[in-house]
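> 3D model of this:
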Amino acid sequence: MTSTILLRKVFQGVAKRSDMFRMFDRHRDRPNRFDGDQTGVYAGEWFEIDETSYSYMLDILPPLWMRGPIFAMREFMTGSVTSVFYSIRIDGSLRHFHAYCDLSDLNSVEAMRAAIITRESRPVRAMSREERLEHIWSTTADDYRGYAGDRWPKPMQGDRTVMLYGGKEGAFLKLLDTLTDHEIAAKLPVHLRHLPAP
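Residues are numbered from 1 along each chain as shown. Below you'll find the predicted structure:
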């Protein structure tokens, strides 16, 4: 099987344990959560974690399998998608990552490892528009993010939304994918706002 899954970084920086657990199911409130194949929702997502979280997850349950510093969790998120944890030396530093891999694709674990190394070996810190949007989704509190419901036009229903504050206009929902550069900058932490595009 050849993967057509989009590999995507969903959090900037190193996630601590509480962040990690929150991001394990950052899509839990989506409509029709248990309908149909949910592989594409999770497979391909990855983020960096600290060494303590990596060790904790290794010790919590016996892994499904372990190949050197890479191991997979025994519990599957959906179908053949499960958590895979990596310990990778990048530019001389040992770093740790969590990713969702579709184990029905025999190349998914190594493809993810290669994608992480390629992304994290960039000489200059940068963020793509997609990474900015995913970081906003990952860090926005549940009360301020959601999914377009019945009041939205049919083609938009089920798309991700975030709450924005419009000054005199007050708070309003907007589709995550339609945020302007100004709105994205306002939702990002200060230290990420002015990073260049890759």
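> In terms of helices and strands, where is the residue positioned nearest the centre of the chain?
Here the mean C-alpha position of the chain is nearest to the C-alpha of Val10 (CA atoms, centre = their mean), at a distance of 3.0 Å. Assigning secondary structure by DSSP states H and E places Val10 in strand 8-15.
> and that strand, what does it pack onto?
When contacts are defined as 3 or more CB pairs under 8 Å, 6 or more residues apart in numbering; DSSP states H and E, strand 8-15 packs onto helix 17-24, strand 45-49, helix 129-139. C-beta: built from backbone N, CA, C; applies to glycine.
> For Gly36, which of those is the nearest?
Set against Gly36 and scored by CB to CB, the helices and strands packed on strand 8-15 come closest in strand 45-49, at 18.4 Å.
> How far off centre is the least confident helix or strand in the chain by mean pLDDT?
Least confident element among the helices and strands of the chain, by mean pLDDT, DSSP states H and E: helix 39-42 (a mean of 82). Centroid displacement of helix 39-42 relative to its chain, using CA atoms, centre = their mean, to the nearest Å, is 11 Å.
> do the same with stretch 178-191
Taking the mean of its C-alpha atoms, stretch 178-191 sits 18 Å from the chain's own mean (CA atoms, centre = their mean).
> Give the buried residues for that stretch.
Across stretch 178-191, burial judged by 16 or more other CB atoms under 10 Å covers 179, 184, 187-188.
> Go through those and say which is closest to Gly167.
Once CB to CB is applied, the member of the buried residues of stretch 178-191 that ends up nearest Gly167 is Lys187, at 15.0 Å.
> Against Glu48, how distant is that closest one?
Plainly put, Lys187 is 20 Å away from Glu48 if you go by CB to CB, to the nearest Å.
> what do you get for Leu188?
From Leu188 to Glu48 the distance is 17 Å (CB to CB).
> One more: His182?
Distance, His182 to Glu48, using CB to CB: 28 Å.
> Same question for Val10.
Val10 sits 10 Å away from Glu48, going by CB to CB.
> go on, Ala185?
For Ala185, the distance to Glu48 - CB to CB - is 22 Å.
> How about Val41?
21 Å.
> out of those two, which sits in the busier spot?
Glu48 (20 against 17; other CB atoms under 10 Å).
> ok, what's across the strand from the more buried one?
When bridges are called by DSSP bridges, Glu48 pairs up with Val14, Phe97.
> Just the buried residues of stretch 130-141, please?
131-140.
> in this structure, which ranges drop under the pLDDT threshold?
For the chain, the stretches with pLDDT under 70 are 1-4, 34, 123-124.
> Okay, strands next: where are they in it?
8-15, 45-49, 65-67, 70-78, 81-90, 93-102, 145-147, 160-165, 171-175 (DSSP state E).
> Return the most buried member of those.
Ranked by average neighbour count under the criterion mean count of other CB atoms under 10 Å, those are headed by strand 45-49 at a mean of 23.
> can I have that one written out in PDB, keeping just the CAs?
Presented in PDB, the C-alpha positions along strand 45-49 are these (Å, rounded to 0.1, in the frame of the first residue of the first chain):
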ATOM      1  CA  GLU A  45      -0.400  14.200  12.500                       C
ATOM      2  CA  TRP A  46       2.800  14.700  14.500                       C
ATOM      3  CA  PHE A  47       4.400  17.000  17.200                       C
ATOM      4  CA  GLU A  48       7.400  17.100  19.400                       C
ATOM      5  CA  ILE A  49       7.300  16.000  23.000                       C
END
